[in-house]
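Novice: model the structure of this input:
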Amino acid sequence: MGPTRHPEHGAEDLCPTGAQLYERALRSGWVRAGEADGAPCLIDFGLLHPAVEDLGRLEPVAPAAALHRLLRATEERIAEERRREDRLAQTFEPLMRIDGRRTGEADTSALVMLSGTRRINQAIEAMAEASQELLCVQPHAGLVGRRVEEARAVALVRDQALLDRGGRIRTLYQHTLRHVPSVPAYHEQLTGDVEARSLDEVTARLIVVDRRIAFIPANDDRTMALEVRHSALVGYFATTFDRLWRLATPMYPLAVRQPSADGVTPRQRAIAGLLVEGHTDTVIADRLGMNVRTAREHIAKLAATLGSGSRAQLGYLIGQSGILDPEA
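Specialist: As a prediction, the model looks like this:
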């Protein structure tokens, strides 16, 4: 039986064998050349190279240098795709002026289902073509996982490029993310027209690019997404974002503290509204982007503030207190 063929993959999806060998090379400073036979991807991606003084050794390239080179390759690929788009437009522009009464219906693929994280990320590279505006709703912290630093670096390059082209970025978070250090820290690394605000409740994740393309999740675990190019739907999403934005509390660059009234915090007021609607602790926690334990702690504090001794009494006291009145 012959040797197992090495699976094909990109640098963003290092195979387990390659990842382990690269990590060991970084710690020790080198590995034997023969050890890379099971992970030729490391040499193909330029993560290992022969030592000048000993060709039997392979030395690791610094991760920061490797990442910069790979990102530059991505930028060049995007630039080539733009040039290809220009050539296609030049080719078809005169043809589109021809009377089309004898031709078929126009392509109506205004909705495209994207399956798998990799394909979703490739589609969202459309943001690299944005020239005016990027609108985002982020109900979760977003950048998590083993490759968090690489993902954040890619996002920073993409977002800063839009800002450098004179565009603007508006991001809407749940209030719970105001206290996650990495969230405001991300915006602080960007230079340009960047703003972030927060609400007690936001929609599921939403990305709108130049008000002409939108991306929304298509399942609960976010492994599927819907790419929307229908102008009416994209306009609806953008209008929804604008209205939520006006209701939201500024978070960056200038953070505004939410006022408390009669000893009841804004977070407790939001919980009170969901309590009187009859929602369970689990639903309340999910709607407000917190864990169940935190939600129950807020409910207990709210009950203590209002002098409630039971869940049923708490609902009655919330109604009597007036804390849910618009003027409160």
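Novice: residue boundaries of the strands in the stretch 151-300 of the chain?
Specialist: 168-174, 193-199, 206-209, 213-217, 224-228, 249-252 (DSSP state E, counting those that start in this stretch).
Novice: mind checking how far the first one is from the chain centre?
Specialist: I take that to be strand 168-174. Here strand 168-174 shows a centroid-to-chain-centroid distance of 11 Å under the convention CA atoms, centre = their mean, to the nearest Å.
Novice: could you export that strand as CSV, CA atoms only?
Specialist: In CSV, the C-alpha atoms belonging to strand 168-174 read as follows (Å, rounded to 0.1, in the frame of the first residue of the first chain):
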residue,chain,number,x,y,z
ARG,A,168,-17.6,54.6,6.9
ILE,A,169,-18.4,51.8,9.3
ARG,A,170,-21.4,51.5,11.6
THR,A,171,-21.6,48.6,14.0
LEU,A,172,-24.5,47.8,16.4
TYR,A,173,-23.9,45.5,19.4
GLN,A,174,-25.9,44.2,22.3
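Novice: other SSEs contacting that strand?
Specialist: strand 133-138, helix 148-164, strand 193-199, helix 231-247 (3 or more CB pairs under 8 Å, 6 or more residues apart in numbering; DSSP states H and E). In this view, the C-beta of every residue, glycine as well, is placed from N, C-alpha and C.
Novice: tell me the buried residues in that strand?
Specialist: 169-174 (16 or more other CB atoms under 10 Å).
Novice: can you add distance to Leu226 and pLDDT and give these back as JSON lines?
Specialist: As requested, these are exported to JSON lines (distance: CB to CB, whole Å; pLDDT from 0 to 100):
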{"residue": "Ile169", "distance to Leu226": "22", "pLDDT": "92"}
{"residue": "Arg170", "distance to Leu226": "21", "pLDDT": "93"}
{"residue": "Thr171", "distance to Leu226": "20", "pLDDT": "92"}
{"residue": "Leu172", "distance to Leu226": "19", "pLDDT": "92"}
{"residue": "Tyr173", "distance to Leu226": "22", "pLDDT": "90"}
{"residue": "Gln174", "distance to Leu226": "22", "pLDDT": "84"}
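Novice: wait, what's in contact with the nearest residue to Thr294 once chain neighbours are set aside?
Specialist: Once flanking residues are discounted, Thr294 sits nearest to Ala285: 7.1 Å by CB to CB, 6 or more residues apart in numbering. Neighbour list for Ala285: 291-292, 294-295 [criterion: CB atoms under 8 Å, 6 or more residues apart in numbering].
Novice: do the same with Ser231
Specialist: By CB under 8 Å, 6+ apart, the neighbours of Ser231 are Arg212.
Novice: one more time with 7 Å
Specialist: The contact partners of Ser231, by CB atoms under 7 Å, 6 or more residues apart in numbering, come to none.
Novice: what does Trp30 give?
Specialist: 51, 57-59.
Novice: on the pLDDT front, check it for me.
Specialist: pLDDT for Trp30: 91.
Novice: need the pLDDT of the closest residue in space to Ala214 that isn't next to it in sequence.
Specialist: For Ala214, ignoring the flanking residues on the chain, the nearest one in space by CB to CB, 6+ apart is Val228 at 4.3 Å. Val228 is assigned 91 on the pLDDT scale.
Novice: may I have the beta-bridge partners of Val228?
Specialist: Judged by DSSP bridges, the bridge partners of Val228 are Leu111, Ala214.
Novice: is it true that it touches Arg211?
Specialist: No: contact criterion CB atoms under 7 Å: Val228 and Arg211 do not qualify, at 11.5 Å.
Novice: common neighbours of the two, please.
Specialist: By CB under 7 Å, 6+ apart, Val228 and Arg211 have these common neighbours: Val234.
Novice: who's more crowded, these two?
Specialist: Between Val228 and Arg211, counting by other CB atoms under 10 Å, Val228 is the more crowded of the two (22 against 16).
Novice: got a list of what the more buried one touches?
Specialist: Residues in contact with Val228 (CB under 7 Å, 6+ apart) are 110-111, 214, 216, 234.
Novice: please redo it, this time with the cut-off set to 8 Å
Specialist: Taking CB under 8 Å, 6+ apart, we find Val228 in contact with 110-111, 213-216, 234, 237.
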